[in-house]
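K.L.:
what's the 3D shape of this:
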Amino acid sequence: MQDNELDRILDGALAGYSDATPLAGLEQRVLNRIGSGKRNRRWLRCFQVAGAMAAILLLGFVALSLRTRPETPFPIATAPPQRALAPAPIPRRIPARRNLDRRPDKFPSPAPLTTEERTLLALIRSAPETIKMASAAIEIPPIQIPPLQSDGSQ
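P.N.:
Model prediction:
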């Protein structure tokens with residue numbers, strides 16, 4: 001019963017649309033649109049033909065350039081053949097075995113002093129009192145880290 005009622009409502013709504021008349025000049029607008037499409041298609045056809053011709057010319061140019069390459073390379077001047085000599089023996093370097101169990105007595109192993117380190121030693125030797133006063137003025141407080149609270153308060 002519901003389907004019949006819905007069908008009647010739709011039929012009544014669609015019947016109102018069928019009574020409507022088209023706006024004036026609709027036929028002419030449709031014909032103009034169809035006619036303008038033909039002109040657009042002509043330009044499209046011209047571009048298609050021009051593109052095909054360009055592709056043919058490009059392929060022809062590539063084919064000609066590949067065919068005109070010399071098949072053999074240019075002759076290379078070579079020296080007259082000489083009597084073959086026996087190759088000189090190559091000395092083989094045998095890598096030294098490393099004793100992995102041996103460790104240096106001092107770690108890190110001492111290295112020569114750099115220019116900056118030698119300059120600092122000369123300054124300490126020339127004015128030890130100045131260095132003592134400068135080092136006494138530097139005071140670094142101990143780091144204090146409070147424990148973290150897991151209940152959300154800080």
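K.L.:
use CA for all of it now, contacts and neighbours both
P.N.:
Will do.
K.L.:
ok, how many other residues are close to residue 12?
P.N.:
Residue 12 is flanked by 11 other residues according to other Cα atoms under 10 Å.
K.L.:
need the three-state assignment for residue 111.
P.N.:
coil (DSSP: H, G, I helix; E, B strand; the rest coil).
K.L.:
what's around it, how many residues?
P.N.:
6.
K.L.:
give me the below-cutoff pLDDT ranges for this structure.
P.N.:
1-2, 18-20, 36-40, 68-88, 91, 94-105, 152-154 (pLDDT under 70).
K.L.:
for it, longest helix please?
P.N.:
helix 26-67 (DSSP state H).
K.L.:
helix or strand next in line after that one, which one?
P.N.:
Using DSSP states H and E, the helix or strand that follows helix 26-67 in sequence is helix 115-126.
K.L.:
residues making contact with that following helix?
P.N.:
By Cα atoms under 8 Å, 6 or more residues apart in numbering, the residues outside helix 115-126 that reach it are residue 131.
K.L.:
could you export it as CSV, CA atoms only?
P.N.:
Coordinates of each C-alpha in helix 115-126 appear next as CSV, following Å, rounded to 0.1, in the frame of the first residue of the first chain:
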residue,chain,number,x,y,z
THR,A,115,101.4,23.7,19.8
GLU,A,116,98.5,24.8,22.1
GLU,A,117,99.5,22.3,24.8
ARG,A,118,103.1,23.4,24.7
THR,A,119,102.0,27.1,25.0
LEU,A,120,99.9,26.3,28.0
LEU,A,121,102.8,24.5,29.7
ALA,A,122,105.1,27.5,29.0
LEU,A,123,102.5,29.8,30.6
ILE,A,124,102.1,27.7,33.7
ARG,A,125,105.9,27.6,34.1
SER,A,126,106.4,31.3,33.6
